[in-house]
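>>> I'd like to go over a predicted model; first the sequence, then the structure.
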Amino acid sequence: MKKLLWIMLAVSALMAVFYILTGTQGQDEYIKKIEQHRAGKDHNFKTSPDSPFAGDTTFTGLKYFAVDPSYRIIARLVPAPQKHTVTLGTSDGREKRYLAYGYAEFELHGRQNRLLILEIADAGPYRGTLFLAFGDETSARETYGGGRYMDIEKERGASIIVLDFNLAYNPYCAYNNNYSCPLPPPENLLPIPIRAGEMNYKK
């Protein structure tokens, strides 16, 4: 009986070590993937003729918070009761219209949070894709004052949704005033700091 107990304890210990190691490897792989994504974006911004930095020889790269896996959130997706039109103001005083898709509900920093996810309604290649604009307590301090964006993957019938704040990015207006960028809706101004994703751009 004692021998069996020791065997069970040994197996449990080995399983714990296995899960710790594989979890660490998973996090390392995730961090590497985000860093590769950022390097690719920097390269594109430096070389593409469509970049907001086109012709700017001083551009060396964007600034980011360190990758933090805890900011990859699995949120509950609550569909909007009706796909009503949501009008957002823009950085140049115009308006842009979207469709309400649903709400992402999640806990972070000890608070329950809720963000409105919008669906692009304009004709074109991005029609039907999901978009999220948000502000937080870092806005106009560590991050761009006009808020940041996240692209959200649409999955039919899903009850959960991934919010990866490590992929939060600045609109082009953060780098160049010639663009017109939608501002976050009032309900997406979070009363917590989101120290993940892209920071203010400074030369």
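Sure thing, it's come through. Keep in mind that this is a model prediction, so the values were computed, not measured. Numbering: from 1, shown residues only.
>>> ok, and the helix or strand in the chain with the lowest average confidence?
Lowest on mean pLDDT, DSSP states H and E among the helices and strands of the chain sits helix 2-47, with a mean of 66.
>>> burial count for Lys32?
Residues near Lys32, counting by other Cβ atoms under 10 Å, number 11. For every residue, glycine as well, the C-beta is placed using N, CA and C.
>>> actually Ile117, sorry about that
Neighbour tally, Ile117, other Cβ under 10 Å: 25.
>>> how does the protein divide into domains?
1-54, 62-188 (automatic domain parsing).
>>> winner for burial among those?
Comparing these by mean neighbour count (mean count of other Cβ atoms under 10 Å), domain 62-188 ranks first with a mean of 16.
>>> what about it, how long is it end to end?
With Cα to Cα, to the nearest Å as the measure, domain 62-188 spans 24 Å from end to end.
>>> so what's Arg195 closest to, chain neighbours aside?
Computed as Cβ to Cβ, 6 or more residues apart in numbering, the closest residue to Arg195 that is not its neighbour in sequence is Phe65, at 5.0 Å.
>>> look up phi and psi at the one you found.
The phi and psi values for Phe65, taken as degrees, to the nearest 10, are phi -70, psi 160.
>>> what sits against it?
By Cβ atoms under 8 Å, 6 or more residues apart in numbering, the contact set of Phe65 is Glu142, Asn166, Arg195, Ala196, Gly197, Glu198, Met199.
>>> for those, which one is nearest Leu116?
Distance to Leu116 across the contacts of Phe65 (Cβ to Cβ) is lowest for Gly197, with 18.3 Å.
>>> surely the closest one and Asp151 touch.
No. Using Cβ atoms under 8 Å, Gly197 is not in contact with Asp151; the gap is 11.8 Å.
>>> which neighbours do the two share?
Residues touching both Gly197 and Asp151 (Cβ under 8 Å, 6+ apart): Leu167.
>>> mind listing the strands in this protein by residue range?
Under the criterion DSSP state E, the chain contains strands at 72-79, 85-89, 95-108, 111-120, 130-134, 148-152, 160-164.
>>> about what we covered before: among the contacts of Phe65, which ones are in helices?
Judged by DSSP state H, these include no members of helices.
>>> neighbouring contacts of stretch 26-39?
Leu62, Tyr64, Val67, Pro69, Arg72, Asn166, Leu167.
>>> redo that, cut-off 6 Å
Stretch 26-39 is contacted from outside by Tyr64, Val67, Pro69, Asn166, using Cβ atoms under 6 Å, 6 or more residues apart in numbering.
>>> stretch 119-136 too?
By Cβ under 6 Å, 6+ apart, the surrounding residues in contact with stretch 119-136 are 98-99, 101, 115, 117-118, 147, 149-150, 152, 154, 182, 184, 188-190, 193-194.
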